[in-house]
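Engineer: I need the structure of the sequence given here:
(chains A and B)
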Protein chains: 2
Amino acid sequence: MARTNPNFKNLSKNYLFSETDKRVKLYLAVHPRAKIFNLGVGNTTEPIVHAVIKGLKSKVRELSKRETYTGYGDSAGDVKLRESLSKWYGKRGVEISPSEIFISDGAKSDCANISSIFAPDSRVAICDPVYPVYRDANLIAGKKLIYLAAKEENGFFPSLPEEKVDLIFLCSPNNPTGATAKASQLREFVDYAQENKALIIFDAAYSEYIQEKNLPKSIYQIEGSRKCAIEIQSLSKSAGFTGIRLGWTIVPNDLITEDASGEGEINRLWRRRQSTMFNGASNIAQEGGLAVFSEAGQKETRKQIKYYLENANLIKEGLERLKLKVFGGVNAPYLWAKCPRNLSSWEFFDKLLKEAQVISTPGAGFGICGEGYVRFSAFGRRKEIKAGIKSLKENLRRGL
Amino acid sequence: MARTNPNFKNLSKNYLFSETDKRVKLYLAVHPRAKIFNLGVGNTTEPIVHAVIKGLKSKVRELSKRETYTGYGDSAGDVKLRESLSKWYGKRGVEISPSEIFISDGAKSDCANISSIFAPDSRVAICDPVYPVYRDANLIAGKKLIYLAAKEENGFFPSLPEEKVDLIFLCSPNNPTGATAKASQLREFVDYAQENKALIIFDAAYSEYIQEKNLPKSIYQIEGSRKCAIEIQSLSKSAGFTGIRLGWTIVPNDLITEDASGEGEINRLWRRRQSTMFNGASNIAQEGGLAVFSEAGQKETRKQIKYYLENANLIKEGLERLKLKVFGGVNAPYLWAKCPRNLSSWEFFDKLLKEAQVISTPGAGFGICGEGYVRFSAFGRRKEIKAGIKSLKENLRRGL
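Structural biologist: Have a look, this model is predicted:
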């Protein structure tokens, strides 16, 4: 008799975005003519840049001809793409060999799947508030979670775990808080990991939003991290690949665990996992990815990132004019605003929606420590963001 | 201290295709001028058909403009694609609602991930010989495997499990044997599953190769199967999407297990798994998929399948002229040839390679019961297949 995986019962029932969608729909049912301003959406809105469109088109053309058609590729990804990524890391002073890079269909899958190569009884530390995928994927796998509070007093970067842990998920620039870790903060975690033979899973999906030169874009800019850190990356937010799907994971050969001596064992495990359970990212998406790392692609995508950062700045200034306390949004596409007058994050979400028709994302949906905050996102359309800020200014009732 | 997942130690060390590749490379190192004929490859070689190229191009164009750009979609897949699949099933007399369809990046991922929604101590029955993904993914997850022998005397379709099992993986048309299940054979398994509240995972990735009208293309053509079967499908072999990546899984609302009463519970679990750990298939691939199910797309892909089936027939006739006993290759793209004179499958592989420069796939790589057979594939280029058969005829030493 088949039985279901009991771990699914440990997941919270309402998924954040289905609940916000529901409340917006309910509001629209009562106010069918209302104009809604979505400042909460984590979805990109700018089109794919010219250089990348050229890459995508060239692959489609190749697939249409017998002479250039290709089927299955390397499940770790096209070697040209991995070589170009290796060079890209080289330019930021980080040495990563193409064989340490695994192309995937996006950071979400990799963040969710990476734990499967580690012991089922692993103790996994995650930040609170947190991107829900780390939490939910590890709960489904039955792993033990330890929450590391990221609060205002520690700059929304967590302190070291007090109990021993085996795996630590970190994300910088952070989703949802927009906090960006300093080198010294990552240093502490790398030291902890090395001392305890723990591994850091570093989600760097928003690294390209970092503008300040002294902030690390990759965990591998911290010495010693090749022995204790896996890095996960994505083109979703740096090149608009949210729908096209492309990401990658770096698994250094030097990783050391209780049972791996730093001679490529973990790299081989992930290779085995991927070649067994995944058939590679779409070859069209990979050709688009290759174009992202061309000179033109880098120039054009950097411009797009600047555009989103200007959005972030508009939101930041708009909220600050309303005397809200706002974090993030400088080296990150997310802003983390403190709810006024001790409102809960869902109460503030409702207030913003009902009074100004602005959609935010309630912080409580990201964990207990997210309570009392809402997240804003820079990925909306400029026009909608400006109109939303105007509506906040004009319609939000006093007492903010 | 991090530790690795000990289940990986249960996987066999040499992955089948890396070993065949190694032997071919070794042969070429000694005979650098040899012309090799690959009749073993499971990779498609025909280009993407015109109607589908049009679909792919139209999505790339949409992504290039702000007005038509889209990012994240529904993680279960584009609703238009699911609706068109629902109609496609309708035409073969099978009622599947769009909400029971989950679009994915291919059958491999779904075959590997589906077990994760079932209890960790599930007993999983798989055929022997078998597509290695069912075996390896369940071993990594620590599930107990029960092998069902598929031998010549039972037409390479397994008999019912003798002990109680919870999940049963079936594949028809079969990879590697090319055997195609009759309705009566599937009926037996559906009856078993209903009696025991077991679930069948039915891999129908090669269904479009079925030409005989009375052979079932979908498990849902068997009455009662909506209560006990999940079906996994793919466009890899029916539309050349091996590299583009697109598949789908059907999880009926009626599924019954020990703890699910047939009211959509299993469907909701898979939805939760996918929305947590997967961000949807590439939107470009999905638009291509939509075009596959257009009138022109169906016509053109059917023609391509016929072409591959002609390849299969050429191989079948060629091998039979050499007095080999050959199975499959009629309603399936794979052929299963008995090794002559009690040669082992690796010995016969070596003989074919060294004497005629023909690559096959040793049956032993698919399981114990695969010993004594080699697999041929119809997915090669016509010219190479013809030349390979000619070489077999002219160069294979006597005593076959």
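Engineer: which ones are touching the residue lying closest to A:Tyr69 once chain neighbours are set aside?
Structural biologist: Once its chain neighbours are removed from consideration, A:Tyr69 has its nearest residue in B:Pro47; the separation is 4.3 Å (C-beta to C-beta, 6 or more residues apart in numbering or on different chains). From N, CA and C alone the C-beta is placed, and that goes for glycine too. B:Pro47 makes contact with A:Leu63, A:Ser64, A:Lys65, A:Arg66, A:Tyr69, B:Gly240, according to C-beta atoms under 8 Å, 6 or more residues apart in numbering or on different chains.
Engineer: one more time with 6 Å
Structural biologist: If you count contacts by C-beta atoms under 6 Å, 6 or more residues apart in numbering or on different chains, B:Pro47 has them with A:Ser64, A:Lys65, A:Arg66, A:Tyr69.
Engineer: just the element for the third one, please.
Structural biologist: So that's A:Arg66. Under the assignment given by DSSP states H and E, A:Arg66 is not contained in any helix or strand.
Engineer: burial check on it, number of neighbours?
Structural biologist: By the measure other C-beta atoms under 10 Å in any protein chain shown, the count of residues near A:Arg66 is 9.
Engineer: may I have the phi/psi pair for it?
Structural biologist: For A:Arg66, the backbone dihedrals are phi -60, psi -40 (criterion: degrees, to the nearest 10).
Engineer: tell me the SS of the nearest residue to it once chain neighbours are set aside?
Structural biologist: Spatial nearest neighbour of A:Arg66, chain neighbours left out: B:Pro47 (5.0 Å); criterion: C-beta to C-beta, 6+ apart. The assignment at B:Pro47 comes out as coil when based on DSSP: H, G, I helix; E, B strand; the rest coil.
Engineer: any idea how chain A splits into domains?
Structural biologist: Listed by automatic domain parsing, the domain ranges of chain A are A:6-48+A:297-395, A:50-293.
Engineer: so who does the spatially most central residue of chain A touch?
Structural biologist: Centroid-nearest residue in chain A, with C-alpha atoms, centre = their mean: A:Ala205, separated by 4.5 Å. Contacts of A:Ala205 were listed using C-beta under 6 Å, 6+ apart, and they are A:Ala107, A:Ser234.
Engineer: now the strands for chain A?
Structural biologist: Along chain A, the stretches classed as strands by DSSP state E are A:37-38, A:101-104, A:123-128, A:144-149, A:167-171, A:199-203, A:229-234, A:247-250, A:326-328, A:334-338, A:358-359, A:361-362, A:373-377.
Engineer: please identify the most buried of those.
Structural biologist: For these, the stretch with the most neighbours on average is strand A:373-377, a mean of 29; neighbours defined as mean count of other C-beta atoms under 10 Å in any protein chain shown.
Engineer: residue ranges in chain A under the pLDDT threshold?
Structural biologist: Low-confidence segments of chain A, defined by pLDDT under 70, span residues A:14, A:398-400.
Engineer: okay but A:Lys197 is in contact with B:Arg3, surely?
Structural biologist: No: counting by C-beta atoms under 6 Å, A:Lys197 does not reach B:Arg3; the two are 9.0 Å apart.
Engineer: what touches both of these two?
Structural biologist: When contacts are counted by C-beta under 6 Å, 6+ apart, the set common to A:Lys197 and B:Arg3 consists of A:Thr257, A:Glu258.
Engineer: so stretch A:182-201, near chain B or not?
Structural biologist: Yes: part of stretch A:182-201 sits near chain B under the criterion C-beta under 6 Å from any C-beta of the partner chain, namely A:Lys197, A:Ala198, A:Leu199.
Engineer: out of those residues, the closest to A:Gly55 would be?
Structural biologist: A:Leu199 (33.8 Å; C-beta to C-beta).
Engineer: what about the nearest residue to that closest one once chain neighbours are set aside, how many residues close to it?
Structural biologist: For A:Leu199, the nearest residue in space outside its immediate sequence neighbours is B:Ala2; the separation is 4.6 Å by C-beta to C-beta, 6+ apart. Residues contacting B:Ala2 under the criterion other C-beta under 10 Å number 27.
Engineer: isn't B:Ala2 up against A:Thr257?
Structural biologist: Yes: under the contact definition of C-beta under 6 Å, B:Ala2 touches A:Thr257, with a separation of 4.0 Å.
Engineer: give me whichever of the domains of chain A is most buried.
Structural biologist: Mean neighbour count, computed with mean count of other C-beta under 10 Å, is highest for domain A:50-293 among the domains of chain A, reaching a mean of 21.
Engineer: distance between the ends of that domain?
Structural biologist: Distance between the two ends of domain A:50-293: 13 Å, counting by C-alpha to C-alpha, to the nearest Å.
Engineer: gap between A:Leu167 and chain B?
Structural biologist: 6 Å (C-beta to the nearest C-beta, to the nearest Å).
Engineer: list the contacts for the residue lying closest to A:Val374 once chain neighbours are set aside?
Structural biologist: The shortest distance from A:Val374 to any residue other than its chain neighbours is 4.1 Å, reached at A:Ser360 (C-beta to C-beta, 6+ apart). With C-beta under 6 Å, 6+ apart as the criterion, the residues that contact A:Ser360 are A:Gly40, A:Phe349, A:Leu352, A:Val374, A:Phe376.
Engineer: what of A:Val30?
Structural biologist: Contact partners of A:Val30, counting by C-beta under 6 Å, 6+ apart, are absent.
Engineer: again, 10 Å this time
Structural biologist: Applying C-beta atoms under 10 Å, 6 or more residues apart in numbering or on different chains, one finds that A:Val30 lies in contact with A:Lys354.
Engineer: again, but for the one 10 residues further on
Structural biologist: Counting by C-beta under 10 Å, 6+ apart, A:Gly40 touches A:17, A:20, A:24, A:349, A:352-353, A:358-362, A:374-377, A:379-380, A:388.
Engineer: not counting sequence-adjacent ones, nearest residue to A:Glu300?
Structural biologist: Counting by C-beta to C-beta, 6+ apart, A:Val49 is the residue found nearest to A:Glu300 once chain neighbours are left out, at 3.6 Å.
Engineer: the one you found reaches A:Leu235, doesn't it?
Structural biologist: No: taking C-beta atoms under 10 Å as the definition, A:Val49 is not a contact partner of A:Leu235, at 11.3 Å.
Engineer: any common contacting residues for those two?
Structural biologist: With C-beta under 10 Å, 6+ apart, A:Val49 and A:Leu235 have common neighbours A:Gly288, A:Val292, A:Thr301.
Engineer: between those residues, which is nearest B:Arg82?
Structural biologist: When those are compared for distance to B:Arg82 (C-beta to C-beta), A:Gly288 wins out at 24.7 Å.
Engineer: roughly how far does the closest residue to A:Tyr307 other than its chain neighbours sit from B:Ser97?
Structural biologist: Excluding its sequence neighbours, the residue lying closest to A:Tyr307 (C-beta to C-beta, 6+ apart) is A:Glu46, at 6.5 Å. Counting by C-beta to C-beta, to the nearest Å, the gap from A:Glu46 to B:Ser97 is 35 Å.
Engineer: over to A:Asn311?
Structural biologist: In this view, A:Asn311 and B:Ser97 are 39 Å apart by C-beta to C-beta.
Engineer: then A:His31?
Structural biologist: 32 Å.
Engineer: and if you look at A:Tyr308?
Structural biologist: 38 Å.
Engineer: for A:Asn113, give me its contacts.
Structural biologist: Shown here is A:Asn113, whose contacts under the criterion C-beta under 10 Å, 6+ apart are A:104, A:137, A:141, A:249, A:270, A:273-274, A:277-278, B:109, B:112-113, B:277-278.
Engineer: would you mind putting the domains of chain A into JSON lines with distance to B:Asn331 alongside?
Structural biologist: What follows is those, written out as JSON lines (distance: least, C-beta to C-beta, whole Å):
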{"stretch": "domain A:6-48+A:297-395", "distance to B:Asn331": "38"}
{"stretch": "domain A:50-293", "distance to B:Asn331": "22"}
